[in-house]
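**Student:** next one to model:
(one chain, ligands or ions: 1)
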Amino acid sequence: MLNAPNPFSELLIATHNQGKLKEWQNLLAGLPLTLRTLRDYPACPEVVESGATFAANARIKAEFYRDFTRLPTLADDSGLEVRALDNAPGVFSARYGDAAFTDAERSRYLLAQIRDVPMHARTARFVCVITLASPLSNHVETFSGVCEGSIAMVPRGTKGFGYDPIFIPDGHTQTFAELDAEIKNRISHRARAAREVCAYFQSNTLR
Ligand code: IMP
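**Tutor:** Here you go, the predicted structure:
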């Protein structure tokens, strides 16, 4: 429950994705906030994600859409870091290899880059950074979540999206695409960062 009074009744989730909105509605259920998305602002231009880090991109998005809407705005940026690839694809996760690749082609391309890397050296992690930008000031809050794991030898499973079929979270033998969504939603990088956001709203006043 919201303990601290907030001067806003609306919060913009900087996404066009209805799935992400649903996730946030669940996470922030109980807070007296009406959630908006970019679908409520069809005239809003797209921002260029030109940052070199997840945090830079999340901040660029949060501040851009906050400035357009004058609403408190949450924006996230996430991706996969593979140790054997010097933490690539990182901020280029969505367009790694070729922007026109399907998710399955992109995963296969990544597997090809580490074809000769043995299982013990295939460590990787998903990272999610979420930025909250306030319309009252230049103040931003940053939250992050990490899910450690490793890259499978071949794709497995059909659930989820992106690199899920090749990512095995630590403590499990199945990939994210094989595990129940309920498990992924509990241990994922995004879930961990989102829990921090919830805790923030429960005990802070936006300034
Ligand atoms: P975005 O931050 O939602 O734009 O995600 C960037 C890219 O990172 C996605 O296009 C995926 O390729 C990858 N990615 C981020 N989170 C996940 C995940 O939970 N599973 C699989 N791939 C992910």
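**Student:** buried residues, the strand or helix carrying C147. List them.
**Tutor:** Using DSSP states H and E, C147 maps to strand 140-151. Buried residues in strand 140-151, defined by neighbour count with 16 or more other Cβ atoms under 10 Å: 140-141, 143-145, 147, 149-151. (C-beta placed from N, C-alpha, C; glycine too.)
**Student:** tabulate those in TSV, adding columns for distance to G79.
**Tutor:** Formatted as TSV, those follow (distance: Cβ to Cβ, whole Å):
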residue	distance to G79
V140	20
E141	21
F143	16
S144	12
G145	12
C147	12
G149	14
S150	16
I151	14
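**Student:** which residue packs closest to T158, ignoring adjacent ones?
**Tutor:** A177 (6.0 Å; Cβ to Cβ, 6 or more residues apart in numbering).
**Student:** residues contacting the one you found?
**Tutor:** Residues in contact with A177, defined by Cβ atoms under 8 Å, 6 or more residues apart in numbering, are 155-160, 164-165.
**Student:** if we use 10 Å, what do you get?
**Tutor:** 103, 107, 152, 155-167, 184 (Cβ atoms under 10 Å, 6 or more residues apart in numbering).
**Student:** cool, D103 as well?
**Tutor:** 94, 155, 160-165, 177.
**Student:** most neighbours among those, please name it.
**Tutor:** Neighbour counts for these peak at Y163, which has 25 neighbours (criterion: other Cβ atoms under 10 Å).
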